[in-house]
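Q: A structural model of the following input is requested.
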Amino acid sequence: MSAMIPEFKTLLFEEKEPSIGIVTMNRADQLNAINLDMLKDFETLFHALCQDDSIRVLIITGAGRGYSSGADLNDAIANRKAEAFTEPEKFLKIAQERYASLILGMRKIPQPIISAVNGPAAGGGLCMALASDIRVASPQAYFVASFINIGLSGGELGSSFLLPRLIGLSHAADMLFTGRKISADEAEKTGLVNKVVPRENLLETALSYARMMVGKSVGGLKLTKRVLDENLNAPSLESAMNLENRNQTLMVFSGEFFKLIQAFGKE
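A: Next up, the predicted model:
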């Protein structure tokens, strides 16, 4: 384990191979439902990863038979009379924005994230998959935008932003309005996941992507994640290219560029 990564209550962290971190949501009996302890653990993990370049790619998966069933609704029922539920402003600050920070945290860390979706990814679990950079799934996986099924809006934890950009507005509207289960095969066809593989090959497939990534420069990985985020909303091609030009100039002078192009000159 990297010296920068602490122990957690709800997560298991392992540096499976050099520079590749695997975090497993470890509440299998609750289908890895996201509770306040898990939110705190992820906050701690993301803070550590922002300080630690030795971990260059992060894989997220779930213990047991599922990826994550989303927010722990048992917590909401048990704490219905707690301070968060006394008025909208308190709920926004204490609960809603705290859960939203999980998704923002995934996008803010410099490491690319690969989700290995081993089973159901519902609600907040779906949104975690959406906030990842690459998604691989087993045939047992399915995806549910379950918010509308429990009396909420379909727009939750970035789903109305990320989902249309991944699979298009029509497919996103289908998922968000109906709350139906999307099988792994359908998810692959729509582009929601990159690849579906047998469950026993799932982690190895995620690792195969990670190994290709760690062969690249640290700066190259960071700036690629950043440029993909920023240029989703670029107002023009010229604006997008201005950011690309800035990034490429930084990388040319990073020291890696001339070292790596030597091989091309010898071919």
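Q: and residue 13, how many neighbours?
A: By other CB atoms under 10 Å, 22 other residues sit near residue 13. No exception for glycine: its C-beta is placed from N, CA and C like everyone else's.
Q: elements contacting the strand or helix carrying it?
A: Per DSSP states H and E: residue 13 is located in strand 11-17. Where contact means 3 or more CB pairs under 8 Å, 6 or more residues apart in numbering; DSSP states H and E, strand 11-17 is packed against strand 20-25, helix 36-51, helix 202-214.
Q: hmm, 7 Å instead?
A: Under the contact criterion of 3 or more CB pairs under 7 Å, 6 or more residues apart in numbering; DSSP states H and E, strand 11-17 touches strand 20-25, helix 36-51.
Q: strands along the stretch 51-200 of the chain, start to end?
A: Assigned by DSSP state E, counting those that start in this stretch, the strands in the stretch 51-200 of the chain fall at 57-62, 113-117, 120-122, 134-137, 142-144, 182-183, 195-196.
Q: any chance of these in JSON lines, plus mean neighbour count, distance to residue 168 and mean pLDDT?
A: Shown next, in JSON lines, are those (neighbours: other CB atoms under 10 Å; distance: least, CB to CB, whole Å; pLDDT from 0 to 100):
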{"stretch": "strand 57-62", "mean neighbour count": "25", "distance to residue 168": "25", "mean pLDDT": "98"}
{"stretch": "strand 113-117", "mean neighbour count": "27", "distance to residue 168": "20", "mean pLDDT": "98"}
{"stretch": "strand 120-122", "mean neighbour count": "27", "distance to residue 168": "19", "mean pLDDT": "97"}
{"stretch": "strand 134-137", "mean neighbour count": "26", "distance to residue 168": "16", "mean pLDDT": "98"}
{"stretch": "strand 142-144", "mean neighbour count": "23", "distance to residue 168": "15", "mean pLDDT": "97"}
{"stretch": "strand 182-183", "mean neighbour count": "19", "distance to residue 168": "14", "mean pLDDT": "98"}
{"stretch": "strand 195-196", "mean neighbour count": "18", "distance to residue 168": "19", "mean pLDDT": "98"}
